[in-house]
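Visitor: sequence and computational prediction follow.
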Amino acid sequence: MQRRLIQSAIAVLLGVTMAAQAAGPSRSQRNKLTQTQDAYVAAVRWSDFEAAEGFIDPEYWRAHPLTDLQRERYKQVQVSNYRERSSGMAADGAVERRVEMGVINRNTLAERTVMVTERWRWDPDAKRWWQAQGLPDLWQGQ
């Protein structure tokens, strides 16, 4: 009896594990996500927001085009740190990541910390990940 109970428990755990793996990105997609996020972080960390624009979902850009004024605002800040605080899988298969960023105003040299949520979606046609939340909002509450 106890042996059957243990076997049933193992079967259930294996089933849950396989279902979780099937629902998430493949190993290849996870590797591409890591590479894409690393390149995006490098661009943002070096305050190269023009390069970071290349990681933003084209669907997002169509709905929320960046104005010249917004581009100028990004030129006025320097990112001093970028730390991932948490990440997880959304119900729709997107990967969400919570990031803490240090931002320095180049004019006043005042530094502040902002929390940003990134949402990464897999594009099966382009076979790549897109950051679907747009560039980080570095002016929260201002």
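Guide: Structure received. Residues are numbered from 1 along each chain as shown.
Visitor: how about the spatially most central residue of the chain, phi and psi?
Guide: Centrality entry for the chain: nearest residue to the mean C-alpha point is Glu118, 3.6 Å, by Cα atoms, centre = their mean. Note on Glu118: backbone dihedrals following degrees, to the nearest 10 are phi -100, psi 150.
Visitor: residue contacts, it?
Guide: 96-99, 131, 133, 136 (Cβ atoms under 8 Å, 6 or more residues apart in numbering). C-beta here means a position set from N, CA and C on the backbone, and glycine is covered the same way.
Visitor: what's across from it in the sheet?
Guide: Arg97 (DSSP bridges).
Visitor: and what of the one 10 residues further on?
Guide: Per DSSP bridges, the residues bridged to Arg128 are Asp123.
Visitor: go ahead and confirm Trp120 touches Val95.
Guide: Yes - using Cβ atoms under 8 Å, Trp120 is in contact with Val95, at 4.4 Å.
Visitor: overlap in contacts, these two.
Guide: 33, 129.
Visitor: wait, is Leu109 part of a strand?
Guide: No - assigned with DSSP: H, G, I helix; E, B strand; the rest coil, Leu109 falls outside any strand and is coil.
Visitor: show me where pLDDT drops low in this structure?
Guide: Scanning the chain for pLDDT under 70 picks out 1-23, 141-142.
Visitor: all helices of it, in order?
Guide: Assigned by DSSP state H, the helices in the chain fall at 2-23, 27-45, 49-52, 58-63, 68-75.
Visitor: what's the offset of the last one from the middle of its chain?
Guide: Between the centre of helix 68-75 and the centre of its chain there are 22 Å (Cα atoms, centre = their mean, to the nearest Å).
Visitor: in that helix, what's buried?
Guide: Tyr74 (16 or more other Cβ atoms under 10 Å).
Visitor: just stretch 100-119 next, same as before
Guide: Those would be 101, 103-104, 112, 114, 116, 118-119, for stretch 100-119 by 16+ other Cβ under 10 Å.
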